[in-house]
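A.B. asks: need a 3D model of the sequence below.
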Amino acid sequence: MKFKNTLYITLLFCQFSFAQQVQNDSLVVKELLEVKVVTATRTERVLSSLPLPISIITAKEIEKTGVTRLNEILSEQTGIILIPDESGFEGIQIQGLDAAYTLVLIDGVPIVGRNAGVLDLSRISVGNIDRIEIVKGASSALYGSEAIGGVLNVITKKPKKDMLSGNFSYRYATFNTNDLNANLLWKKNRFSANVFANFYSSDGFDLDKTTPLKNVEKFYNYTINPKLYYDFSKKVKLIISNRFYNQNMNNVALIETEYYKGDAEEKEWNSQVKVEHKLNSKLYFEYELYATNYKNNSFLEDESKVLYDQTFYNQWLFRPEIRTTFSINKNKLTAGIGMNQETLDRTYFNAIVKFNSQYVFVQYDYNPNQKWNILAGFRYDNHSEYASQLSPKLALNYKINTNFSLKTSVGYGYKAPDFRQLYFDFTNSSVGYTVLGYNVAEARLNEMQDQILKKESGINFDEPLQAESAVNFNFGTFYKKEKFKLEVNTFYNSIHNLIDTKAVAQKNNGQSIFSYFNTNAVFTYGLELNSNYNFTKDVMVSFGYQYLTAKDKSISDHFQDYQYIRNNELQTIKIDKSDYFGLYNRSKHTANLKLLYTISTIKTDINLRIFYRSKYGMFDSNGNQILDKYDTFVDDYFITNLSASKYISDTLLFQIGANNLLDYKEPNQIPNLSGRQLFARIQFNF
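C.D. replies: Residues are numbered from 1 along each chain as shown. Below is the predicted model:
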């Protein structure tokens, strides 16, 4: 029924759009100005000329949807799937690769504080975002570790001329959710500033009323982000940026048959100082100093206020970097050098651990003629805890004519072993198993001799744990003419030295001791399509689609080891290789349809977005250690979001809407999908 309702709404809107086209076919649709981006090359480039797959989310697009957090707007993009981890944090999956393989930046610098590789994107408000740039595919040639799947760069607003402007907004939504923004932009002669503040709170939501545990507990957070600019001259500019984030949440847990309560607090601080120096028309320098700190503290206690558990997490990153761009006619040579110093002190670590690394990167942006663009570069990373990495990349763009171009790229990406995989020392007190980081495992096993029944054969820790590595291929097209734009990209990723857990010993209590090792390889491939068409100046339709296959190479190569399963009647049956579905949490098909209708006479926008995700596997339920068609799946589903925006005057905006309009819920399978959320928002611009 929900599918039929969605289809009916879609057809009705399309018919209305075509009717508008007939009535307004004499109107001229103006081309949008070419969007310029910086993340893909670290220099300003026109989007359509880039040889890499990249997508842009503009501030205007964010405003029309009515969403308030970064994870919400990303969930509406083609080729990006939000996957919750066991803590409920949503990470992004790009080209079938997990959240741990995507680097997340704010104004070009990384944020830290990942939980098992997943960065909580709801920490970031969209209230002061100018645009979001998403580069898909291996980007380690410029950005180093964690950029196997791509790079997501959140770029905040900046005053560009003498002005005093800004806005105040308030949004109220289901679950007593409040979002309050204040954003100020000011520039006078050499001085300019952007000051942003956000307060966000919610009572959380509960999909199962039979238990006292909620899917998301009550919380509140706030963000303060001041940025100051000073132009010493036309050639030398100073930027100072700080960001402060704090969140408090109720902490509730069910452990065996007892309920425990407590609190969880997160604190984040980012500070960036950058000097831009234009030496002459050909030579440009950037000197950047960046530091960030993320803390997380939580505790649980019983009804008698007796402390049951307490955890902490304290991560620092300090990074100086120097970049330069040398313009040679129409070509650009970009180079940079820098270093990272990281420390982490957390529960289940025996001591504060440190990483140190140094890196250099070089990139040449070559334009031999008006048709060709060649992008070639590499980055070299020297790290204290794993082998040095050389990350090359080559990309080509061929402009067939003014409307049509072909582009392709091949690149190497890597992900360094994280602190947890190297230094973790955790024993589950109720079950009894133990997980040890690779660098501490051998010493801890020697200390635990009296607890060990037997050690697994062939296990040794002689060689350092290697970084995961990937080779990424992209080939696509870009076509744009008058009212129509089409982008198609095919991709292939091959990841080697995947880091996974493996049993290294068995305890006297029957439980296992696990550690981390470089094990198997995985591959993903697929196709992504994005298109939009302006029927008139007031009606625009866009469509996006991704096909994805993601599999474990060792399973594909040795399927005979997995082809026997037990069915529901406990009968042993044989399955075919075609029954192997692939990696967990991957859908073969995802799609979106977006319709934007502007009623110019009354200054109103109606924005309908429909999203489809095909079925995906949750876990192995028949015990053959792979995901096959007889296992547990989440069925395919649709999500529909709708918003309407009305400018009451040139300065006052009123907006209402509904996310998950048709109230789709799967409480036992999709814990982050809360059901229908209604909202109303008012914004005052000055």
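A.B. asks: over to residue 416: give its phi and psi.
C.D. replies: phi -70, psi 150 (degrees, to the nearest 10).
A.B. asks: same question, the one 3 residues further on
C.D. replies: According to degrees, to the nearest 10, the main-chain angles of residue 419 amount to phi -60, psi -40.
A.B. asks: in contact with it, which residues?
C.D. replies: 315, 342, 344, 346, 349, 353, 355, 437 (C-beta atoms under 8 Å, 6 or more residues apart in numbering). Bear in mind the C-beta positions are built from the backbone N, C-alpha and C, glycine included.
A.B. asks: count the residues that sit near the last one.
C.D. replies: Summarising burial for residue 437: neighbours were counted as other C-beta atoms under 10 Å, giving 24.
A.B. asks: please verify my assumption that it contacts residue 443.
C.D. replies: No: using C-beta atoms under 8 Å, residue 437 and residue 443 do not qualify as a contacting pair, with a distance of 10.7 Å.
A.B. asks: need the contact list for residue 41.
C.D. replies: 50, 142, 332, 334, 363, 365, 375.
A.B. asks: where does it land in three-state SS?
C.D. replies: Classification of residue 41 using DSSP: H, G, I helix; E, B strand; the rest coil returns coil.
A.B. asks: what do you get for residue 260?
C.D. replies: Under three-state DSSP, residue 260 comes out as strand.
A.B. asks: which strand residues bridge it?
C.D. replies: residue 253 (DSSP bridges).
A.B. asks: quickly list what residue 230 is bridged to.
C.D. replies: Residues in beta-bridge contact with residue 230 (DSSP bridges): residue 191, residue 238.
A.B. asks: residues in contact with stretch 474-486?
C.D. replies: Here stretch 474-486 has contacts from 29, 31, 48, 52-53, 136-137, 403-410, 487-491, 529-535, using C-beta under 8 Å, 6+ apart.
A.B. asks: rerun that using 6 Å as the cut-off
C.D. replies: Contacts with stretch 474-486, where a contact means C-beta atoms under 6 Å, 6 or more residues apart in numbering, come from 29, 48, 53, 137, 403-409, 487-491, 531-534.
A.B. asks: how about the most centrally placed residue in the chain, what does it touch?
C.D. replies: Nearest residue to the geometric centre of the chain (C-alpha atoms, centre = their mean): residue 92, 3.8 Å. Applying C-beta under 6 Å, 6+ apart to residue 92 gives the contacts 74, 80, 99, 102.
A.B. asks: please repeat the previous calculation with a cut-off of 8 Å.
C.D. replies: 74, 80, 81, 82, 83, 99, 102, 121, 152.
A.B. asks: in helices only, show me these.
C.D. replies: residue 74 (DSSP state H).
A.B. asks: can you pick the most crowded of the contacts of residue 419?
C.D. replies: Going by other C-beta under 10 Å, residue 437 tops the contacts of residue 419 with 24 neighbours.
A.B. asks: separation between that one and residue 498?
C.D. replies: 17 Å (C-beta to C-beta, to the nearest Å).
A.B. asks: is it correct that residue 637 is in contact with residue 664?
C.D. replies: Yes: counting by C-beta under 8 Å, residue 637 does reach residue 664; the two are 5.6 Å apart.
A.B. asks: identify the farthest-apart pair in the contacts of residue 92.
C.D. replies: 83 and 152 (14.6 Å; C-beta to C-beta).
A.B. asks: neighbour count winner among the two?
C.D. replies: residue 152 (25 against 17).
A.B. asks: show me the contacts for that one.
C.D. replies: Contacts of residue 152 (C-beta under 8 Å, 6+ apart): 74, 92, 102, 103, 104, 105, 132, 133, 134, 135.
A.B. asks: okay, the residues you listed in CSV with pLDDT next?
C.D. replies: Listed next are the contacts of residue 152 as CSV, based on pLDDT from 0 to 100:
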residue, pLDDT
74, 96
92, 90
102, 95
103, 95
104, 96
105, 97
132, 97
133, 97
134, 97
135, 96
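A.B. asks: from those, which land in strands?
C.D. replies: In this view, the contacts of residue 152 that belong to strands under DSSP state E are 92, 102, 103, 104, 105, 132, 133, 134, 135.
A.B. asks: what about residue 665, which SS state?
C.D. replies: Classified using three-state DSSP, residue 665 is coil.
A.B. asks: I figured it was touching residue 207, is that so?
C.D. replies: Yes: between residue 665 and residue 207 there is a contact under C-beta under 8 Å: 6.4 Å.
A.B. asks: out of these two, which sits in the busier spot?
C.D. replies: Taking other C-beta under 10 Å, residue 665 and residue 207 do not tie; residue 207 has more neighbours (17 against 14).
A.B. asks: now that one, nearest residue through space, not along the chain?
C.D. replies: Spatially, and ignoring its direct neighbours in sequence, residue 207 is nearest to residue 667 (3.7 Å; C-beta to C-beta, 6 or more residues apart in numbering).
A.B. asks: now for that neighbour: which residues touch it?
C.D. replies: Residue 667 neighbours (C-beta under 8 Å, 6+ apart): 207, 208, 215.
A.B. asks: surely the first one touches residue 216?
C.D. replies: Yep, that's residue 207 we're talking about. No: using C-beta under 8 Å, residue 207 is not in contact with residue 216, being 9.7 Å away.
A.B. asks: find residues that contact each of the two.
C.D. replies: With C-beta under 8 Å, 6+ apart, residue 207 and residue 216 have common neighbours residue 674.
A.B. asks: now the helices for the stretch 401-550 of the chain?
C.D. replies: Ranges of helices in the stretch 401-550 of the chain, per DSSP state H, counting those that start in this stretch, are 419-423, 438-447.
A.B. asks: just give me the neighbour total for the nearest residue in space to residue 516 that is not next to it in sequence.
C.D. replies: Of all residues not flanking residue 516 in the chain, residue 421 sits nearest, at 4.4 Å (C-beta to C-beta, 6+ apart). Using other C-beta under 10 Å, the number of residues around residue 421 comes to 21.
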